[in-house]
Structure formats: C-alpha cells, structure tokens
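Participant: Build me a model from this:
(2 chains)
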Amino acid sequence: EAGVAQSPRYKIIEKRQSVAFWCNPISGHATLYWYQQILGQGPKLLIQFQNNGVVDDSQLPKDRFSAERLKGVDSTLKIQPAKLEDSAVYLCASSLITSYEQYFGPGTRLTVT
Amino acid sequence: AQSVTQPDIHITVSEGASLELRCNYSYGATPYLFWYVQSPGQGLQLLLKYFSGDTLVQGIKGFEAEFKRSQSSFNLRKPSVHWSDAAEYFCAVDAGGTSYGKLTFGQGTILTVHP
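Facilitator: Next up, the predicted model:
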C-alpha cells in the first residue's frame, strides 16, 4: 500500500515570495491534515479536511496561508507571502474517516531566507 | 489549556540498556494517546496507541507504553535499545469528541544510542 506522498521534499525561497506544497493521501483516506513542525518542536495542526470540506482551520494563519482539497483527494497548502518564521517542515497526514490513526508523509522542509 | 509535556529533551543510552521516555498530559478526560517516532528527514511513524482497556500496550519494534490515569502519564519503554532506535520520539494526544482528529504533540525527546 502506498503511503502519503508529498512534494517537493525541500524548498528554499526568499521572504515575501510565495510557495505551494502538494500532498496525496493514502487511497481511501477521507481525512487529511496539514501540520507545521518548527525545529525543536512537535508538529502543530494547521488544517483538517474531511473529503473536500474543512473541519478545523482555527490555527491556520489565514492572512498568508491557504489550503484546498479539490475533489476530496489531493491537497495543496500555499503560503503567500512567506515570512522568515514560516521556516519549518510541513507534514501532511491522512486517516480513515472512522479511525484515530493518522499516517504521515515525509514532509516538505521549507527554508525562508 | 490542554497540553502534552515530554520533560526530557534529550536522552542518551548505551546499546542494550533499557529505555523509558516520559509523557504527561493535561486533559479533562482520558484522551486517546499515541507515541510516534521520527527519524532524520522522515515523517512520523506510529509506534503504539492507547484508546481503552488494558493499560499496558504493545507496539512495533519492541516498544511498549503504560497508561497511568492517576499520574496522567503515558510513558514509553523498551527493555533493550538497539542503535537503530536513535531518533526523535513524540507523544501525542487526541482529546476525541468535538476535537476528534486534532492531535496535540509534545515537544519531542531526542534519543541518542551509544555503542
């Protein structure tokens, strides 16, 4: 069974530029999550989707971050414009709608200079 | 506020020695509890979970964890550590209910294994 796929794996941008990350969840997983993991910290949930609807985006900085999950499968997380403090690993996870178990992708390491 | 605390930022053990990583949580009721492991450049892999029932749970790679309600703890243990266990370990909590699916993580414990 294929795991959660993410791309790119690494990205370096200058502040005020925009960037987008892509996630493809495990087939059949209706729930998708985006986490931000700053160096030295545990992951922090940014947004949770169920199918193509948003369940929780209370911790998403909506002035610069956006996310979508068209067709209830793949998802894209965008940052525009990026700030230095956005440097982090962005993790995508997915789960079955009936399960508490989340499966994580390898993450995208973003460096903002 | 709900929180998860891993008191030890960095632990060093010798290969073959026993290991215990601590995790304490602050929630109103018994949450769903998880331990994840993260190797450098990798995503998080689920080691084990506790939802209910037997308070001693077995996981992959020879790990186990014990839920102690009276201490609000969910410590991870392994009787004999292997060099390949060197990684960062995260305790996480899902409060369930209306917070279903919203994992709150501790800050992590980095494990170094000496030969």
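Participant: Which strand residues bridge the closest residue to chain A within chain B?
Facilitator: Here chain B gets closest to chain A at one residue, B:Phe105, 3.0 Å apart by Cβ to the nearest Cβ. Yep, even glycine has a C-beta here, placed from its N, CA and C like the rest. Legend: beta-bridge partners of B:Phe105 under DSSP bridges are B:Ala92.
Participant: Could you tell me how far it is located from B:Arg22?
Facilitator: Distance of B:Phe105 to B:Arg22, computed by Cβ to Cβ, to the nearest Å: 15 Å.
Participant: And the residue of chain A that's closest to chain B?
Facilitator: Taking Cβ to the nearest Cβ, chain A has A:Gly42 as its residue nearest chain B, at 3.0 Å.
Participant: Need the per-residue pLDDT for that residue.
Facilitator: Looking at A:Gly42, its pLDDT is 94.
Participant: burial measure for it, as a count.
Facilitator: Residues near A:Gly42, counting by other Cβ atoms under 10 Å in any protein chain shown, number 22.
Participant: List the residues that contact B:Val4.
Facilitator: A:Gly42, B:Cys23, B:Asn24, B:Tyr25, B:Ser26, B:Cys91, B:Ala92, B:Val93, B:Thr104, B:Phe105, B:Gly106 (Cβ atoms under 8 Å, 6 or more residues apart in numbering or on different chains).
Participant: Mind putting these into a markdown table with distance to B:Ser72?
Facilitator: Output for the contacts of B:Val4, formatted as a markdown table (distance: Cβ to Cβ, whole Å):
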| residue | distance to B:Ser72 |
| --- | --- |
| A:Gly42 | 18 |
| B:Cys23 | 9 |
| B:Asn24 | 6 |
| B:Tyr25 | 5 |
| B:Ser26 | 7 |
| B:Cys91 | 12 |
| B:Ala92 | 15 |
| B:Val93 | 10 |
| B:Thr104 | 14 |
| B:Phe105 | 16 |
| B:Gly106 | 13 |
